[in-house]
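[1] A structural model of the following input is requested.
(2 chains)
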Amino acid sequence: MSENQNVETLYPNEGVSSKASPAIGFLKILLTIIWWSGWVFLAIFTLLSIYAALGALGIEAVKKSFDNVTPFMALISSASVVVVAAVFLIIVKQLREICKTLMTGDPFVPENANRLRTIGIAVAAGEILRLCSTFIISRLSQASDEMSVVATDLRIYVWFMVLALIILAEVFREGARLRQEAKLTV
Amino acid sequence: MTIRVNLDRVLLERRMSLTELSDRIGITLANLSILKTGKARAVRFSTLSALCRELNCQPADLLVYEPEEDEHIKAAE
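    Numbering: from 1, shown residues only, chains lettered A, B, ... in the order given. Here you go, the predicted structure:
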């Protein structure tokens, strides 16, 4: 850690690219839009969760507004969307941080390896949560056997993506180590 | 690190500043500072060659191997 700081001191301006690629600039704008949209989405579903929670608690006026579903089911659905949105925001935040290092011209830093790993863990957590909420909802709605199969559906490609992200994170960590070594080669 | 860089001493003997050496061999002052302060992990042959040429010395005048404490103990055993 101290070694990193020393190198930073010795290279105060190294890595600061004078002209960032237009594609990176576009990505940054896109991520900013997604970031704020995610917050709006999170806020809407948090309000819906609170509304459903009031219904589940037995407030009649709220209870009557639910037609086909029970307030408890609505609460489970909207709460799971809130958690998924939170996971989504964690992923976008990591991507924004990675994008920032890309803009400064030095993305091969150990922090980015940790960020990629965080994205992998977040995707895994989101998928586990999806499985849990689908399972609970299908049980609550007394679904047919066909629905139960859907509830326990494992999306293999998502787990492959988690695996790929964790491997990429380790590749990045090694890349960051080599970059550091190259910096300290005179 | 068990390799010590004696750039300081050689520069003093030649009455040359680090900036002057940097200009002569075309290596940035920042990189030479890394070398001088012992933070470098590796030295390219081309750098070593340029240093020896400008300082009129041998690689052994610049680099010294110093065994660490535990290496001394291992050797004694």
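[2] can you give me the buried ones in the host helix or strand of residue B:32?
    The secondary structure element spanning residue B:32 is helix B:29-36 (assigned by DSSP states H and E). Of the residues in helix B:29-36, those buried under the neighbour-count criterion (16 or more other Cβ atoms under 10 Å in any protein chain shown) are B:30-36. Yep, even glycine has a C-beta here, placed from its N, CA and C like the rest.
[3] and it, what does it pack onto?
    On a contact count with 3 or more Cβ pairs under 8 Å, 6 or more residues apart in numbering or on different chains; DSSP states H and E, helix B:29-36 meets helix A:2-10, helix B:7-14, helix B:18-25.
[4] redo that, cut-off 6 Å
    For helix B:29-36, the helices and strands in contact under the criterion 3 or more Cβ pairs under 6 Å, 6 or more residues apart in numbering or on different chains; DSSP states H and E are helix B:18-25.
[5] just the CA trace of the helix it packs on, in PDB.
    Extracted as PDB, the C-alpha positions of helix B:18-25 are listed here (Å, rounded to 0.1, in the frame of the first residue of the first chain):
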ATOM      1  CA  LEU B  18      20.800  13.300 -10.500                       C
ATOM      2  CA  THR B  19      19.300  15.800 -12.900                       C
ATOM      3  CA  GLU B  20      22.400  15.900 -14.900                       C
ATOM      4  CA  LEU B  21      22.600  12.100 -15.100                       C
ATOM      5  CA  SER B  22      18.900  12.100 -16.000                       C
ATOM      6  CA  ASP B  23      19.600  14.500 -19.000                       C
ATOM      7  CA  ARG B  24      22.600  12.500 -20.100                       C
ATOM      8  CA  ILE B  25      21.000   9.000 -20.200                       C
END
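[6] and that helix, average pLDDT?
    Regarding helix B:18-25, the rounded mean pLDDT is 92.
[7] secondary structure element for the nearest residue to residue A:170 once chain neighbours are set aside?
    Closest residue to residue A:170 apart from its sequence neighbours, by Cβ to Cβ, 6 or more residues apart in numbering or on different chains: residue A:113 at 7.1 Å. Mapping residue A:113 onto the secondary structure by DSSP H and E places it in helix A:110-140.
[8] other SSEs contacting that helix?
    In terms of contacts (3+ Cβ pairs under 6 Å, 6+ apart), helix A:110-140 is packed against helix A:71-103, helix A:145-151, helix A:156-183.
[9] make TSV out of the ones you listed and add mean neighbour count and mean pLDDT.
    Listed next are those as TSV, based on neighbours: other Cβ atoms under 10 Å in any protein chain shown; pLDDT from 0 to 100:
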stretch	mean neighbour count	mean pLDDT
helix A:71-103	19	89
helix A:145-151	12	52
helix A:156-183	15	92
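[10] tell me the residues of chain B that contact chain A?
    Within chain B, the residues that sit near chain A (Cβ under 6 Å from any Cβ of the partner chain) are B:30-31, B:34-35, B:40-43, B:47.
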